[in-house]
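*Asks:* structure of the sequence below:
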Amino acid sequence: MSWVVVFLALLALIGLFGLVNYWGYRRVEKAQQAWFRQMLGEGVDVEQFLLAAPFEYKPLKGSKAYGILDKRTGEEVYRVKTPEEAEAWIVTKTLAERGQLPQVKEQLENRGD
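*Replies:* Residues are numbered from 1 along each chain as shown. Modelled structure (predicted):
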């Protein structure tokens, strides 16, 4: 009888930890999507933007990191730990090259250029 209670308690704990992990993942995912909408604007598909960007990321051999490659030269320009960081870096760098970063646009408009 006592082993059944212990088993059920462990099962409940595992389920609780899984639920907390899932909620955390959902929160991070929503924050990422909000950031992409803020940076790219409404109606811009992130996947299409990344395909058209002059950078791409690939997993590094023998490592858990990702290398960001410049499509124009084929050189590795940066390294990050996760694909999400790589996507954020590519979006930020591409918008900066185009002069389309949200804060840069606001500064240029305020300056009158």
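
*Asks:* so, low pLDDT: which residues of this protein?
*Replies:* For the chain, the stretches flagged by pLDDT under 70 are 103-113.

*Asks:* swap the cut-off to 80 and go again
*Replies:* By pLDDT under 80, the weakly predicted segments of the chain are 1, 101-113.

*Asks:* now the helices for it?
*Replies:* Per DSSP state H, the chain carries helices over the ranges 2-40, 46-52, 83-98, 102-111.

*Asks:* most tightly surrounded among those?
*Replies:* Comparing the helices of the chain by mean neighbour count (mean count of other C-beta atoms under 10 Å), helix 83-98 ranks first with a mean of 16. Backbone N, C-alpha and C define where each C-beta goes, glycine included.

*Asks:* and the residue nearest the centre of the protein?
*Replies:* Centrality entry for the chain: nearest residue to the mean C-alpha point is Glu84, 2.5 Å, by C-alpha atoms, centre = their mean.

*Asks:* returning to what we had before: out of the helices of the chain, which is closest to Leu60?
*Replies:* Closest to Leu60 of these is helix 83-98 (C-beta to C-beta; 11.1 Å).

*Asks:* any idea what Glu76 is bridged to?
*Replies:* Applying DSSP bridges to Glu76 yields these beta-bridge partners: Leu69.

*Asks:* turn the helices of the chain into CSV, including distance to Gly62.
*Replies:* Shown next, in CSV, are the helices of the chain (distance: least, C-beta to C-beta, whole Å):
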stretch, distance to Gly62
helix 2-40, 27
helix 46-52, 25
helix 83-98, 17
helix 102-111, 37
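
*Asks:* among the ones you listed, which is nearest Ser63?
*Replies:* Nearest of the helices of the chain to Ser63, taken as C-beta to C-beta: helix 83-98 at 13.3 Å.

*Asks:* ok, Ala9 to Tyr22 distance?
*Replies:* 20 Å (C-beta to C-beta, to the nearest Å).

*Asks:* follow-up on the earlier one: hmm, the residue nearest to the centre of the chain is touching Gln32, no?
*Replies:* Yes - between Glu84 and Gln32 a contact is recorded at 6.2 Å, counting by C-beta atoms under 8 Å.
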